[in-house]
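> generate coordinates for the sequence data below:
(one chain, ligands or ions: 1)
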Amino acid sequence: MKTRIALLFFCAGLHVSFAQTSYLLLPDRVFDGETMHTRWAVLVQGNKIMAAGPRESIKVPKEAVTLTFTYATLTPGLIEGHSHLFLYPYNITDWETQVLKESDAYRTALATVHAKNTLMAGFTTVRDLGTEGAGYADVALKRAINEGIIPGPRMWVAGRAIVSTGSYGPKGYDNDQTIMLGAEPADGNSLIKVVRDQIGNGADFVKVYADYRWGIYGEDRPSFTLDELKLVNEVTRSSGRVLVCHAKSKEAMIRAITAGAETIEHGDYLDEEVAQLMKAKGVTFMPTLGAVESIQRYRGWDKGKTPEPRLVTQKKKSFKIAYEAGVKIGLGGDVGVYPHGENVYELELMVECGMKPIEALKAATSVNARILHLENEIGFVREGFLADLVVVEGDPTQNISQLRKVKWVMKDGKVYRDEMK
Ligand SMILES: [Zn+2]
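Below you'll find the predicted structure:
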């Protein structure tokens, strides 16, 4: 018993000294979430940013550890707006096999590795858009990360997500069997109960598939009526949460936006009319360019060599319409379709489609902090914000791929990666 008490004190002592560690960070450049600055310093104490600004303006405590990062840029911890930590690339194992044949325990074991890879790539927060058949394992994964049991990003989770009866997969099996779906089906008034149940099980927001490829020719068609989506939104909002919608077809996007969705996921057939509606309602677009490109590559497309698939061309077109119209665009790649830790891929594609690198940086920081309603805690390098910080080599506003060259990662004041030694 005595040893145990002593040990407890020892641990408590360690904790206190850790929490008080101060860092003075001196990178060449600081991207504060909106603007790039040179000759700035950032002071971190415990898990908070105590000061950020011109070097001469910062009062440095004696005990602060100074870290100088030459040829490097410091940014807020990056935020992935559309991840699936419970999925991995479909060219390794197709979606249906992952959903139907892999146990939740196995998938959770994989997800712990995905979470670690995400954090090490500088992504200190993710908005995870559904476990696709692994129940509320995301809620448990988030808990394990928050308790410091395993390394991973801050998680904002959807849980099971909601689909309309008949629309979602896996499908095509003999009718004598009941096939588990990748999300929870609900319709009409039963949506009220399902939304509340998902919230009760730990969903931080409610994700609905406003359409799916269940048209007569396999095309994307709306799955819920406008009234159903309004009902979901009303129930979701009254709990202080928000509705986010998977929507590719024009009609589903219009219904989702009209019903009150805060983000549109995918938006493959976004046009000028939809863009104007999104602007008017302040809805953010999460383009998922990476998912579309990856799937076409898995099907044999050799980018730059074989003809561009129709879906890729359409995707780029919708992105350009949204960007030129001034729709808010976040970073949301649908990562999981491609490897966790490769989140920068989506940003590279956004830049390839004409977005300025600094806008892509904003999408991955301040814009995504706002879609999470966490813009007073993360997504910026500002006094009082959480110490989620990343240092990359070079200047990502000159070349967005510099974000792949991660030198140093801090989350909640703790250093998880240090390539400077
Ligand atoms: Zn997704």
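> and K281, what is it in contact with?
By C-beta atoms under 8 Å, 6 or more residues apart in numbering, the residues touching K281 are I257. Glycine gets a C-beta too; all of them are placed from N, C-alpha and C.
> and the residue of the stretch 201-350 of the chain nearest the ion?
Distances between the stretch 201-350 of the chain and the ion by C-beta to the ion are smallest at D334, namely 4.3 Å.
> what about T97, distance to G133?
11 Å (C-beta to C-beta, to the nearest Å).
> check contacts around the closest residue to V406 other than its chain neighbours.
Nearest residue to V406, sequence neighbours excluded (C-beta to C-beta, 6 or more residues apart in numbering): G122, at 4.7 Å. G122 is in contact with 75, 77-78, 390, 392, 403, 406, 409, counting by C-beta under 8 Å, 6+ apart.
> confidence score at the closest residue to V242 other than its chain neighbours?
Nearest residue to V242 in three dimensions, chain neighbours excluded: E262, at 4.6 Å (C-beta to C-beta, 6+ apart). Here, the pLDDT recorded for E262 equals 98.
> ok, T21 next?
For T21, pLDDT reads 86.
> what sits against it?
By C-beta under 8 Å, 6+ apart, the contact set of T21 is 45-46, 65, 413.
> buried subset of those?
Taking 16 or more other C-beta atoms under 10 Å as the criterion, what is buried in the contacts of T21 is 45, 413.
> need the contacts of T21 in a markdown table (columns: secondary structure).
Output for the contacts of T21, formatted as a markdown table (DSSP: H, G, I helix; E, B strand; the rest coil):
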| residue | secondary structure |
| --- | --- |
| Q45 | strand |
| G46 | coil |
| V65 | strand |
| G413 | coil |
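> out of the contacts of T21, who's nearest T397?
Using C-beta to C-beta, G413 comes nearest to T397 of the contacts of T21, at 26.3 Å.
> identify the residue nearest K230 in space, chain neighbours excluded?
A259 (4.6 Å).
> let me know the pLDDT of the one you found.
Turning to A259, the model gives it a pLDDT of 98.
> OK, contacts around the residue nearest to L100 when sequence neighbours are not counted?
Excluding its sequence neighbours, the residue lying closest to L100 (C-beta to C-beta, 6+ apart) is P170, at 5.7 Å. The neighbours of P170, taking C-beta under 8 Å, 6+ apart as the test, are 96, 99-100, 179-182.
> could you redo the last one with a cut-off of 7 Å?
With contacts defined as C-beta atoms under 7 Å, 6 or more residues apart in numbering, the neighbours of P170 are 96, 99-100, 179.
> helix or strand for A291, which one?
In this assignment (DSSP states H and E), A291 forms part of helix 289-298.
> how about the residues of the stretch 101-250 of the chain near the ion?
Residues of the stretch 101-250 of the chain lying near the ion by C-beta under 5 Å from the ion: L129.
> so where's the stretch 101-250 of the chain uncertain?
Residue ranges of the stretch 101-250 of the chain with pLDDT under 70: none are present.
> which element follows the strand or helix carrying I199 toward the C-terminus?
Following DSSP H and E, one finds I199 within helix 190-200. Once helix 190-200 ends, the next helix or strand along the chain (criterion: DSSP H and E) is strand 206-209.
> how about the CA coordinates for that following strand, as PDB?
In PDB, the C-alpha atoms belonging to strand 206-209 read as follows (Å, rounded to 0.1, in the frame of the first residue of the first chain):
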ATOM      1  CA  VAL A 206     -25.700  14.000 -36.700                       C
ATOM      2  CA  LYS A 207     -24.700  12.700 -40.200                       C
ATOM      3  CA  VAL A 208     -27.400  11.900 -42.700                       C
ATOM      4  CA  TYR A 209     -27.100  10.400 -46.200                       C
END
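> how does the protein divide up, domain by domain?
What automatic domain parsing lists as the domains of the chain is 18-76+380-418, 78-371.
> what's the most buried one of these?
domain 78-371 (a mean of 20; mean count of other C-beta atoms under 10 Å).
> how long is that domain from one end to the other?
This stretch, domain 78-371, spans 14 Å end to end (C-alpha to C-alpha, to the nearest Å).
> again with stretch 221-228
Using C-alpha to C-alpha, the end-to-end distance of stretch 221-228 comes to 15 Å.
> what comes into contact with it?
Outside stretch 221-228, the residues touching it (C-beta under 7 Å, 6+ apart) are 163-164, 167, 187-188, 191, 208-212, 214-215, 249, 251-252, 255, 258-259.
> show me these that map onto helices.
With DSSP state H as the criterion, helices contain 191, 251-252, 255, 258-259 from among the contacts of stretch 221-228.
> which parts of the stretch 101-250 of the chain are helices?
Taking DSSP state H, counting those that start in this stretch, the helices of the stretch 101-250 of the chain run over residues 104-120, 137-146, 190-200, 226-238, 250-259.
> thinking again about what came up before, next one: the residue nearest to L100 relative to Y269, how far apart?
Note on P170: its distance to Y269, by C-beta to C-beta, is 25 Å.
> how about M278?
M278 is 13 Å from Y269, by C-beta to C-beta.
> what does N233 give?
According to C-beta to C-beta, N233 stands 22 Å off from Y269.
> contacting residues around the nearest residue to V195 once chain neighbours are set aside?
Nearest residue to V195, sequence neighbours excluded (C-beta to C-beta, 6+ apart): V235, at 4.5 Å. Counting by C-beta under 7 Å, 6+ apart, V235 touches 192, 195-196.
> where do the strands sit along the stretch 301-421 of the chain?
328-329, 389-393, 406-411, 414-418 (DSSP state E, counting those that start in this stretch).
> what's in contact with the last one?
Think strand 414-418. 119-120, 151, 406, 408-409.
> with respect to Y71, which of the ones in helices among the contacts of stretch 221-228 is nearest?
Distances from Y71 to those, taken by C-beta to C-beta, are shortest for A252, at 46.3 Å.
> what pairs with the closest residue to that closest one other than its chain neighbours across the strands?
For A252, ignoring the flanking residues on the chain, the nearest one in space by C-beta to C-beta, 6+ apart is D211 at 3.5 Å. Per DSSP bridges, the residues bridged to D211 are P222.
> separation between D211 and I58?
Applying C-beta to C-beta, the value for D211 to I58 is 51 Å.
> also V242?
When V242 is compared with I58 (using C-beta to C-beta), they lie 37 Å apart.
> list the contacts of the residue of the stretch 201-350 of the chain closest to the ion.
Counting by C-beta under 7 Å, 6+ apart, D334 touches 82, 288, 290-291.
> same question, Y106
Counted by C-beta under 7 Å, 6+ apart, Y106 has zero contacts.
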